[in-house]
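> Provided below are the primary sequence and the corresponding predicted coordinates.
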Amino acid sequence: MINYSDPQTRYLIDYANLKHGLIRHQSNFLNNNEFKKFLKNKHLGFPLVLPLGIKFFDYNKSNLEFKIYKKDVKKFIFESKSNNYVGCKIFFKYGRTFCTGATLKKKYIKDFNLIINFNEKLKLLIKKKNKNFKTTSFQTRNIPHLGHELILKKLMGKKKFLFVNPLIGLKKKGDIKNDVLNKVFNYLKNLKFYKFKMLYGPVICNMHYAGPREAIHHTYIRELLGFNEFTIGRDHAGAENNYPPLKAKKFVNDNKKRFKIGVFYHNGAYYCRRCKKVVLKGDCVHNNLVGISGTDFRNKLKNKLLFLHARKSLQAYINKFDITLFN
């Protein structure tokens, strides 16, 4: 059983995905020169590196150790001015010294294989669906409000099959728990509109909160999993208002020649006072648009209060949970 509450588990997950071939531009943890190349080339995606002292690995004198400077990571990886940005704190949780050459301890091979087998089953299911459909991946960290549901509906059609495809890995405090997402989307997929058109199919992979860089990293992963299409949203892989709206979308679109997978972009969902319904920005000509606040929705869920822009039956279902919703 993978312990997702252990912050060191993220390095076992990264290692399994590197060896499984789900990461573009690297097949092992980066060395110093390779890391510097990633710093200079944003399109390579998010650099996966291994700090010293991670319990899953054997370290020896043949390891090549190197230092990574916070100022470089802040500027080039997270585009942040703060050492306290959540992505920076995760990156340097175990210090500034990293290495290559460490090997996986034998007692963790079973856990390593569990991760690979879980993601391989997803790959096989995608391949099976691809015989009759165009498969689309929708990544999410949220319980869906009506704006999210509108995006889901846009991604479904006669020849399209939607995988709700969140990342199951370590999340920051305040993100929705993995088992809650599982319950919520399995409830939705059994509703009449979604039945036989949508499946909850997560991938074991980490969030790094690296905005545009991570958006292209996620796009590469979905292509390597075998999806035909991936979705990029308004603040993809961002946190704490660190990135300007739509920056991730623009960056991925500017680099679309680097991948074969199609990308569905959206500018976020709003409530139109004139249309009296939820719309995606750009689908409505009116100016009377009101933002749908995810923060407000989370607060309503915490207090078991009704949020106007989310499905009432779904909220009633969630309010019966005997587990906490958030990490």
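That came through, no problem.
> domain-wise, how is this protein divided?
As assigned by automatic domain parsing, the chain contains the domains 9-110, 133-318.
> quick one: average pLDDT of the first one?
In this model, domain 9-110 has an average pLDDT of 96.
> check stretch 113-130 too.
Average pLDDT, stretch 113-130: 98.
> please apply the same query to stretch 177-186.
94.
> quick one on the thing from earlier: pipe the domains of the chain into a markdown table and attach mean neighbour count and distance to residue 326 per row.
From N, CA and C alone the C-beta is placed, and that goes for glycine too. Formatted as a markdown table, these follow (neighbours: other Cβ atoms under 10 Å; distance: least, Cβ to Cβ, whole Å):
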| stretch | mean neighbour count | distance to residue 326 |
| --- | --- | --- |
| domain 9-110 | 17 | 15 |
| domain 133-318 | 18 | 6 |
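> ok, which of those comes nearest residue 120?
The closest of the domains of the chain to residue 120 is domain 9-110. By Cβ to Cβ, the value is 7.2 Å.
> what segments of the stretch 1-150 of the chain are strands?
Taking DSSP state E, counting those that start in this stretch as the criterion, the stretch 1-150 of the chain carries its strands at 50-51, 57-58, 64-67, 97-100, 103-104, 134-138.
> any chance you could list what contacts the fifth one?
Yep, that's strand 103-104 we're talking about. Outside strand 103-104, the residues that touch it by Cβ atoms under 8 Å, 6 or more residues apart in numbering are 12, 15, 56, 57, 58, 112.
> what sits against the third one?
Contacts were defined as Cβ under 8 Å, 6+ apart; by that measure residue 56 touches 8, 11, 12, 15, 104, 105, 108.
> quickly note the distance from residue 76 to residue 293.
In this view, residue 76 and residue 293 are 31 Å apart by Cβ to Cβ, to the nearest Å.
> swap in residue 12?
According to Cβ to Cβ, residue 12 stands 36 Å off from residue 293.
> which ones are touching the residue nearest the centre of the chain?
What sits nearest the mean C-alpha location of the chain, by Cα atoms, centre = their mean, is residue 167, with 4.8 Å. Contact analysis of residue 167 by Cβ under 8 Å, 6+ apart lists 139, 141, 202, 203, 204, 205, 206, 207.
> tell me the contacts of the third one?
By that I understand residue 202. 122, 164, 165, 166, 167, 168, 178, 181, 182.
> the fourth one against residue 141, yeah?
Meaning residue 166. Yes: applying Cβ atoms under 8 Å, one finds residue 166 in contact with residue 141, separated by 6.7 Å.
> quick one: end-to-end length of stretch 68-86, please.
17 Å (Cα to Cα, to the nearest Å).
> and stretch 287-303, how far out from the chain's middle?
Offset of stretch 287-303 from its chain centre (Cα atoms, centre = their mean, to the nearest Å): 21 Å.
> and the domains of the chain: which comes nearest residue 118?
Closest of those to residue 118 is domain 133-318, at 5.3 Å (criterion: Cβ to Cβ).
> now do the end-to-end distance for that closest one.
End-to-end distance of domain 133-318 (Cα to Cα): 31 Å.
> use 799 as the first number from now on
Yes, from this point I'll number from 799; that puts the last item at domain 931-1116.
> with just CA atoms, put the helix or strand where residue 982 lies into PDB.
Residue 982 is part of helix 976-987, with elements assigned from DSSP states H and E. What follows is helix 976-987 as a C-alpha-only set of coordinates in PDB (Å, rounded to 0.1, in the frame of the first residue of the first chain):
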ATOM      1  CA  ASN A 976      -7.700  11.500  -3.600                       C
ATOM      2  CA  ASP A 977     -10.400   9.300  -2.100                       C
ATOM      3  CA  VAL A 978     -12.900  12.200  -2.100                       C
ATOM      4  CA  LEU A 979     -12.300  12.800  -5.800                       C
ATOM      5  CA  ASN A 980     -12.800   9.100  -6.500                       C
ATOM      6  CA  LYS A 981     -16.200   9.200  -4.700                       C
ATOM      7  CA  VAL A 982     -17.300  12.400  -6.400                       C
ATOM      8  CA  PHE A 983     -16.500  11.500 -10.000                       C
ATOM      9  CA  ASN A 984     -17.800   7.900  -9.700                       C
ATOM     10  CA  TYR A 985     -21.100   9.400  -8.500                       C
ATOM     11  CA  LEU A 986     -21.100  11.800 -11.500                       C
ATOM     12  CA  LYS A 987     -20.300   9.100 -14.100                       C
END
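> chain center to stretch 898-906, what's the gap?
26 Å.
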